[in-house]
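Q: 3D model of this:
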Amino acid sequence: LLFEDEEDSLFASEIREQASIALAESCAVVLVVDGRQGRMGLDEDIATFLRKKWGQLSAIIAVNKCENTQTEASNAAEFWNLGLGEPYACSAVHGNGIAEIL
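A: Predicted coordinates:
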């Protein structure tokens, strides 16, 4: 489950195990991505992992750092290609869009 970390990283196996336990006990997952940075390779890796291994879970994409109302729609739209459904623009700092995600 650790995508960028090395296999021999300290606690890597424990982190993978705990994440798998959490996903197995979940009915949904929220993938938080960075709207300013745009879609990154790691976002795609995680989305692929979720679709293949945990496809039965409902997935929500929270596109964080979308403070600018003029660009939030285009920032969020970039994440449609992850294949996890509608991306929701939000700003954790300002609280915008959080109610829609919940």
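Q: now the strands: where do they sit in this structure?
A: 28-34, 58-64, 87-89 (DSSP state E).
Q: mean confidence score for the last one?
A: Within the predicted structure, the mean pLDDT of strand 87-89 is 96.
Q: Just list what that strand packs against, helices and strands only.
A: Other helices and strands packing on strand 87-89, by 3 or more Cβ pairs under 8 Å, 6 or more residues apart in numbering; DSSP states H and E, are strand 58-64, helix 72-77. C-beta here means a position set from N, CA and C on the backbone, and glycine is covered the same way.
Q: any weak-confidence spans in this structure?
A: Counting by pLDDT under 70, the chain has low-confidence residues at 1-8.
Q: contacting residues around the residue nearest the centre of it?
A: Residue closest to the mean C-alpha point of the chain, counted by Cα atoms, centre = their mean, is L31 at 1.8 Å. Contact analysis of L31 by Cβ atoms under 8 Å, 6 or more residues apart in numbering lists D43, I46, A47, L50, A59, I60, I61, A62, L82, L84.
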